[in-house]
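Colleague: after the sequence you'll find the predicted model.
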Amino acid sequence: MIVCAQILTLLTPWDGLDDLLVFQKILSGEKVTRPEIPHANPHITDARWNEIEQCWSVDASARPPALMIIDFLTSELEALGASRDDVSSCLLSSPRD
């Protein structure tokens with residue numbers, strides 16, 4: 001899930017590309033590549049990145065359910081020092097224009 005990658009790396013996947021190109025990349029099955037250190041958060045371990053990549057499985061049944069993703073993001077953000085209130089606010093807030 002691109003959102004997981006963005007939340008945990010603090011980087012926007014495919015930054016600088018227009019929306020149509022991003023949409024085409026997603027439809028073609030192209031995955032977001034793991035950012036190189038030092039550009040990414042150094043806490044993005046192989047295990048964490050593998051969890052993120054599961055969300056991009058071509059086989060929908062292999063993708064984790066939404067509640068599992070919320071639990072994963074909550075535990076990861078708390079492990080990185082975010083408070084439970086901050087995590088709830090981040091995960092439950094609506095997108096802003």
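Modeller: Thanks, I have it. Numbering: from 1, shown residues only.
Colleague: next structured bit after the helix or strand harbouring A5?
Modeller: For A5, the element it lies in under DSSP states H and E is helix 2-9. Proceeding N to C from helix 2-9, the next assigned helix or strand is helix 19-27, under DSSP H and E.
Colleague: can you give me the angle that next one makes with helix 2-9?
Modeller: For helix 19-27 against helix 2-9, the angle by axes from the mean of the first three to the mean of the last three Cα atoms, to 10 degrees is 100 degrees.
Colleague: list of residues touching the next helix or strand after helix 19-27?
Modeller: Next along the chain after helix 19-27, taking DSSP H and E as the criterion, comes helix 46-54. With contact meaning Cβ atoms under 8 Å, 6 or more residues apart in numbering, helix 46-54 is reached by 1, 4-5, 8, 31, 34, 62-64, 72, 76. Using the backbone N, CA and C atoms, a C-beta is placed for each residue, glycine as well.
Colleague: same question for the helix holding A5: list its buried residues.
Modeller: For helix 2-9, a neighbour-count test (16 or more other Cβ atoms under 10 Å) marks 2, 4-5, 7-9 as buried.
Colleague: residues touching it, excluding its own?
Modeller: Taking Cβ under 8 Å, 6+ apart as the rule, helix 2-9 contacts 11-13, 26, 32, 35, 40-41, 43-44, 48, 51-52, 55, 69, 72-73, 76-77, 80, 90.
Colleague: as a whole number, average confidence for it?
Modeller: In this model, helix 2-9 carries a mean pLDDT of 73.
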